[in-house]
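Visitor: Here is my input; please provide its structure:
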Amino acid sequence: MRIVPFLFVIAVSSFGVCRSASVPLVGDSFRGLPFGATLADAIAKKWELSPANDAGGDNPKFQAYIRTDEQKTLGEITLLEITYYFLNGKFYGVFLQTADSNQTEILRQALVLSRGEPLQASVPSGGAVWSVSTSTAILRRNQETGEGSVMIRGNGMQDSYEVFVKEAGGKVGKSL
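Guide: Below is the predicted model of the structure:
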């Protein structure tokens, strides 16, 4: 069972960054699915979704899916992973993972071109944070391998996500 992306989502949810006025308003969807859209909306787009089993475990409130019909590419880069996260049945965010430092740098440049300079750079993970009114993107980079990952999440669902994490954390805390 893979838990890294789920832990990554928890770790980045606490940034709470705000948007610079100079950053263009981009990022209200990924591959045509708006953040906040329902799982039924994704299925209506003829997406073939399969549970990824790496998000909320057995918790039906937070589930991860991969598209079995999807090419794992963005422009000229090939991704190791694309995982779609749904919170309470609504599209919360997408996790992208690169294979090497070259692909990570190309993805970082794409974020700079589409969102402007990062609001926060050189975070402990070796990455950066961008936020626009509708979404936040968090880049992490493995300093040794160059592999990288980006979590892009819809800002409109962040309050619900923080409630979910607090409730789930309380349940886990009782078993410690």
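Visitor: which residues in the chain form strands?
Guide: Assigned by DSSP state E, the strands in the chain fall at 29-30, 33-34, 49-51, 62-67, 73-74, 77-87, 90-98, 120-121, 128-131, 135-141, 148-154.
Visitor: quick one: strands adjacent to the fifth one?
Guide: With DSSP bridges as the criterion, the sheet partners recorded for strand 73-74 are strand 77-87 (antiparallel).
Visitor: Show me what counts as buried in the partner strand.
Guide: Burial within strand 77-87, assessed by neighbour count using 16 or more other Cβ atoms under 10 Å, is assigned to 77, 79, 81-87. In short, each C-beta sits where N, CA and C put it, glycine included.
Visitor: swap in stretch 163-176?
Guide: 164, 168.
Visitor: per-residue confidence averaged over it?
Guide: Averaging pLDDT along stretch 163-176 yields 89.
Visitor: is it true that Ser135 touches Ile152?
Guide: Yes - between Ser135 and Ile152 there is a contact under Cβ atoms under 8 Å: 5.7 Å.
Visitor: which of the two has more neighbours?
Guide: Higher neighbour count among Ser135 and Ile152: Ser135, with 25 against 19, using other Cβ atoms under 10 Å.
Visitor: Contact partners for the more buried one?
Guide: Neighbour list for Ser135: 27-28, 35, 152-155 [criterion: Cβ atoms under 8 Å, 6 or more residues apart in numbering].
Visitor: Gly27 - how many residues pack around it?
Guide: 23.
Visitor: Thanks a lot, catch you later.
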